[in-house]
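Chemist: Return atomic coordinates for the entry below.
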Amino acid sequence: MSERRPGPLCGVSNPQNIQDGTLCRSLSPKPGSSGVVGPTPGIDDHLRPSLGGGAGHMAEEAWFENRYPNLLNNRKDRIIDMISSWIYNNWGQPRFDESVSRLKVRQTIYSRGSLRNDNEFEKQGDKPQSAFEADKVLGSFAIDVETPITIEYSTVTKSGRQFQKFRFSTVMYVEDVLGLQKHDPIYTRATGWLFPSRQVRRASWGIKAEGMSYLVRSGDSLSQIAQSIYGNSNQWKRIQAENRIPNADKIDSGERLRIPKPQ
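Modeler: Down below sits the predicted model:
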C-alpha cells in the first residue's frame, strides 16, 4: 500500500486519516453519524477546536438533502451523465479514473480563494440560510466523487442481436474546505492558527447508473434495432434522438449506438 501524504491543505505535522479517508491535519474533527440532522454550519466549524470549533457533526445527509435538494439532485444527474458519456466514448475500459480520463467530475459550487461565486445554489432553486452554510465567508463548497470507478460490462441477446450493457456505482460527497488558505489576503500566522485549513467531506450518497449500447452491423436499420430491443419498430426515433443521427437511413457499420431504456 502506498504511503499517504498530506495534501497542500493539510501540510502540517501529525496529519490523520479521518473516517471517510480524507487526509487532514490532526485538528480536523471526524465526521458524525450518517443521517444526523446537526446544527446549522457557522463560524464554529472553522475555528480551531481548542477554541470550540469543529464540534458539530460532519456527515449530515438528511440535513443537506433538506436544505439543497435541487442542487444535489442536479449534481447527481450531471455526474451520472458525464461518466456515462465517457463510458460510451471509451467502451470496454474497465474503470474510470478522473486523473487519467481528464474529465473533471469534481464541481466547485463556491470558492472563496479565487473569489468565485457561481450562484449555483440559487440557480437550482435552493438558498442557503447563511453565508456559512455555503462557506462563503471562509473556505469553499464543492461536490466531489470517489474515483477510480470500476465499470462492469455484460451482453444480452435480443431477437438475434447482441446488445452490450454497462453499470457502475460510486459515492458522491459534499466537500468543504474550511478555514483560511495561504493565498487569502487576510491570512497570517495568527489568523491561520485561529482558522486552520482542513478539508472535510460532510455527507455522502451512493450513486449508480447503467446503460446499453449496440454495435451496428452491415444491413442494420434503426427500425430493425428498435424491433429487437423494444419489440416495436416504431420506436426507432428514440434511438435516432438519443444518438443525434441527422439521417436515420444512414448508420455506419461498426458505429456504437446508445440505446435508451425501454419505457
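Chemist: now the end-to-end length of stretch 191-199.
Modeler: 17 Å (C-alpha to C-alpha, to the nearest Å).
Chemist: Give me the mean pLDDT for it.
Modeler: In this model, stretch 191-199 has a mean pLDDT of 80.
Chemist: For the nearest residue to residue 194 once chain neighbours are set aside, give me the pLDDT.
Modeler: Leaving aside its chain neighbours, residue 194 sits nearest to residue 48 (5.9 Å; criterion: C-beta to C-beta, 6 or more residues apart in numbering). Just so you know, the C-beta spots here come from the backbone N, C-alpha and C atoms, and that holds for glycine as well. On the pLDDT scale, residue 48 is placed at 78.
Chemist: Just give me the neighbour total for residue 48.
Modeler: For residue 48, the neighbour count with other C-beta atoms under 10 Å is 15.
Chemist: Look up how far residue 192 lies from it.
Modeler: For residue 48, the distance to residue 192 (C-beta to C-beta, to the nearest Å) stands at 10 Å.
Chemist: ditto for residue 50
Modeler: For residue 50, the distance to residue 192 - C-beta to C-beta - is 14 Å.
Chemist: So which of those two has more stuff around it?
Modeler: Neighbour totals were compared for residue 50 and residue 192, and residue 192 leads with 17 against 9 (other C-beta under 10 Å).
Chemist: Torsion angles phi and psi at the more buried one?
Modeler: The phi/psi pair for residue 192 (degrees, to the nearest 10) reads phi -60, psi -30.
Chemist: Just say helix, strand or coil for the residue nearest to it when sequence neighbours are not counted.
Modeler: Closest residue to residue 192 apart from its sequence neighbours, by C-beta to C-beta, 6+ apart: residue 180 at 5.5 Å. Secondary structure assignment for residue 180 (DSSP: H, G, I helix; E, B strand; the rest coil): coil.
Chemist: Residue 180: how many residues sit nearby?
Modeler: Counted with other C-beta under 10 Å, residue 180 comes out at 22.
Chemist: Equivalent analysis for residue 171, please.
Modeler: Neighbour tally, residue 171, other C-beta under 10 Å: 15.
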